[in-house]
Every structure is written in C-alpha cells, then in structure tokens.
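Engineer: model this:
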Amino acid sequence: MADGTSKPPLGADPAIRPLIDEEYLADLLGEDSADLAEALEAAAVEDSERAFTALRTAATAGDAPTAQSAAHALKGTGSSLGMTKFSELALIMMTSAAQGTVPDTAAVDALAQLWEESMDALRRAMRPQAA
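Structural biologist: Residues are numbered from 1 along each chain as shown. The predicted structure follows:
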C-alpha cells in the first residue's frame, strides 16, 4: 500500500482465515466485484434457507435421503463461496445421511450456527473486494 492505491490483502482480518478460503474468494470476485459479491450473497442466503428447511424437516422425520440431498446442497453452496469449514461439516453430514444416519436437530443447529459464522466472515472478506 505504499502508493496508497492498493487494497489491503483479502483476509487481513485473522478471524476470517479459519472459515473462508481467501485466495479462492479473491479469484472468484476479481476486480470491481461489488455487484458480484452482492449477487453471490443473495443467492447463497436464498439457497441455504431452502436447504436448511429441508434438512430440519428431514432430521425431525428421520428421512435420510432428504437429509443427504439438503446437506449436499449446503455443501455445494458453501464450497462455491470458499466456506471451507462449513463445507467440510456439510460433507460429513451428507456422507452420514447417505449411509442412513440422519442428523439430529442439534447437529443441524450446529451446522446452521457455522453457516452464520461463515457468512459473517464472508461478508467481511468481500467488503474490501467490493469497496
């Protein structure tokens, strides 16, 4: 930033590092990314709301195939945004459901909490790119 025009490196906030793949996000957003960041966030929120509703319903009903499908959708959404920890946990849930083990509501709540933490980190990481 010696010339005063460079942006701080993506992920300068150390709290972001464990949740977001900063390099992937920087490559995804590129230059002049305000509109893209906003669109990605909106799509992710919409997709996750549907998937979490399906996952909660599946957990309550003991429906492994629906739980697998919902966890797969969440994994994909998280992966597409560089949410490393969230995607890993969703993959574990998806794999367990594929083997017939339905997550309980506490596990779904933990995944939802990690989603919120990851979205907060993602928003912080995208703002320097969108600024």
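Engineer: Can you tell me which helices and strands the longest helix seen in the chain packs against?
Structural biologist: Looking across the chain with DSSP state H, the single longest helix is helix 34-61. With contacts taken as 3 or more Cβ pairs under 8 Å, 6 or more residues apart in numbering; DSSP states H and E, helix 34-61 sits against helix 22-29, helix 64-80, helix 105-130. Placement of C-beta: from N, CA and C, glycine included.
Engineer: cutoff 7 Å now
Structural biologist: Based on contacts counted as 3 or more Cβ pairs under 7 Å, 6 or more residues apart in numbering; DSSP states H and E, the elements that helix 34-61 packs against are helix 64-80, helix 105-130.
Engineer: Would you mind finding the most buried of the ones you listed?
Structural biologist: Most buried of the helices and strands packed on helix 34-61 by mean neighbour count (mean count of other Cβ atoms under 10 Å) is helix 64-80; its value is a mean of 21.
Engineer: shaky segments in the chain?
Structural biologist: 1-17, 32-34, 128-131 (pLDDT under 70).
Engineer: repeat that with 80
Structural biologist: Residues of the chain that meet the criterion pLDDT under 80 lie in 1-18, 22, 26, 29-38, 126-131.
Engineer: hmm, back to that, tell me the angle the longest helix of the chain makes with helix 64-80.
Structural biologist: Orientation note: helix 34-61 sits at an angle of 160 degrees relative to helix 64-80 (axes from the mean of the first three to the mean of the last three Cα atoms, to 10 degrees).
Engineer: Pull out the buried residues from helix 34-61.
Structural biologist: Residues of helix 34-61 classed as buried by neighbour count (16 or more other Cβ atoms under 10 Å): 37, 40-41, 44, 47-48, 51-52, 54-56, 58-59.
Engineer: re the thing from before, Leu89: which of the helices and strands packed on helix 34-61 is closest?
Structural biologist: Taking Cβ to Cβ as the criterion, helix 105-130 is the member of the helices and strands packed on helix 34-61 that comes nearest to Leu89, at 5.7 Å.
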